[in-house]
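Novice: coordinates for the following, if possible.
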Amino acid sequence: MKRVNKTTRRPWVPMLLALLFMGLLLSGCGKETYGEGVDPSAPRVAVQDIFLQPQLLNQKVTVQGTVYTQCESNGCWFVLRDETAQIYIDLSTNNFELPPMPGRRVMATGTVTTFQNNLLLIAQGVETI
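Specialist: Purely as a prediction, here's the structure:
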């Protein structure tokens, strides 16, 4: 009786498993874009700058930080926190949402505005980092 080595019988199996593993790794590292994405022409500012520089009101800026808390019902807003401060980010005005992602690092581009005497960012786009 001839004995068949299992690895020589199906040489494509290890290669297929390696490709699946690589695909899973790459999909976990990919950048996710919501709304229009981040505008590279918008100046990047720290969150604290929005509160300290009144000239940023009604200006388009990009901020970067961690999703601190988020709308649990449909992802229509979140609070972004960086090392300087935190700010409310509205997504509903431009009709997009985020899936649950507390603790994820993101960049958001939007217009600095006020609502009931509070500064906030009306986001046009968000990207995960």
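
Novice: low-confidence ranges in this protein?
Specialist: Under the criterion of pLDDT under 70, the regions of the chain flagged as low confidence span 1-9, 20-29.

Novice: where along it do the strands fall?
Specialist: Per DSSP state E, the chain has strands spanning 33-35, 60-70, 77-81, 86-90, 105-115, 118-128. These are given in chain order.

Novice: so what strands line up beside the shortest one?
Specialist: Taking DSSP bridges as the criterion, strand 33-35 forms sheet pairs with strand 118-128 (antiparallel).

Novice: who touches the strand it pairs with?
Specialist: With contacts defined as C-beta atoms under 8 Å, 6 or more residues apart in numbering, strand 118-128 is touched by 31-39, 50-51, 57, 60-61, 63, 80, 87-91, 93-94, 96, 98, 101, 104-114. In short, each C-beta sits where N, CA and C put it, glycine included.

Novice: show me which of those residues are buried.
Specialist: When neighbours are counted using 16 or more other C-beta atoms under 10 Å, the contacts of strand 118-128 contain these buried positions: 34-35, 38, 50, 60-61, 63, 80, 87, 89-91, 96, 98, 101, 106-112.

Novice: about what we covered before: looking at the strands of the chain, spot the one closest to residue 13.
Specialist: If you check each of the strands of the chain against residue 13 by C-beta to C-beta, strand 118-128 wins as the nearest, at 33.5 Å.

Novice: in the closest one, what's buried?
Specialist: Those would be 119, 120, 121, 122, 123, 124, 125, 126, 127, for strand 118-128 by 16+ other C-beta under 10 Å.

Novice: what are the bridge partners for the spatially closest residue to residue 36 that is not a sequence neighbour, then?
Specialist: For residue 36, the nearest residue in space outside its immediate sequence neighbours is residue 125; the separation is 3.9 Å by C-beta to C-beta, 6 or more residues apart in numbering. Beta bridges link residue 125 to residue 35, residue 109, judged by DSSP bridges.

Novice: how near is residue 125 to residue 107?
Specialist: Here residue 125 is placed at a distance of 9 Å from residue 107 (C-beta to C-beta, to the nearest Å).

Novice: how about residue 10?
Specialist: Per C-beta to C-beta, residue 10 is found 45 Å from residue 107.

Novice: much appreciated, bye for now.
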